[in-house]
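S.K.: Build the 3D model from these lines:
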Amino acid sequence: MPSVALAFILPMTERQNEIKELLLSLPEEHHEGISPASDEQIDKFKRTSERRGVDSNVIEQLADLYSVANNFMYEVILGFHSCTDDMIFEWWEDGELWIGQRDFNTLRWTNGKFCLGDAGNVSFSKENEHHSLIDLIKGCIKEIKELSND
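M.R.: A predicted model of the protein is given here:
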């Protein structure tokens, strides 16, 4: 008989499953593992985002990421800040969420898109601007694979 705590675990959404599959597709020796944020941490992120006026669709996409992998770091390119890190909102006055950083690569949401760029460039090219967080993750994985083939 399952414990009471297990009886209340909600199944993962389709988007959460896809995020998990994408992150697990990366070679394990190059990331620090996948661990979810707590419900309390995600609620705090949502409240802070709502208070600042972040688009609800963006909040939900990022909450899905954090419910699967909070503070995920990969060897190159792909790294997300913890959902409780105030750094996410450091550029909010400019209308940007700074969702992650790895080496010199910066992940952000701005102008309705999730982007891969660096500190001085919102994105490296139009190919690095995505309408969804999942597409950003896929784009980063593509960049990672291209780097490993060099």
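S.K.: For the rest of this, base every contact and every neighbour count on C-alpha atoms.
M.R.: Fine.
S.K.: give the contact list for residue 37.
M.R.: 66-70, 83 (CA atoms under 8 Å, 6 or more residues apart in numbering).
S.K.: now with 6 Å?
M.R.: 66-67, 70 (CA atoms under 6 Å, 6 or more residues apart in numbering).
S.K.: Among those, which one has the most neighbours?
M.R.: residue 66 (28 neighbours; other CA atoms under 10 Å).
S.K.: how close does that residue get to residue 24?
M.R.: Distance from residue 66 to residue 24, counting by CA to CA, to the nearest Å: 15 Å.
S.K.: Residue 132 now?
M.R.: From residue 132 to residue 24 the distance is 19 Å (CA to CA).
S.K.: quick one, which of those two is more surrounded?
M.R.: Per other CA under 10 Å, whichever of residue 132 and residue 24 has more neighbours is residue 132, with 18 against 13.
S.K.: if you skip the residues just before and after it, what's nearest to the more buried one?
M.R.: In this structure, residue 132 finds its nearest non-sequential neighbour in residue 114, 6.3 Å apart by CA to CA, 6 or more residues apart in numbering.
S.K.: so the one you found makes contact with residue 126?
M.R.: No. Residue 114 sits out of contact with residue 126 when judged by CA atoms under 6 Å, with a separation of 11.0 Å.
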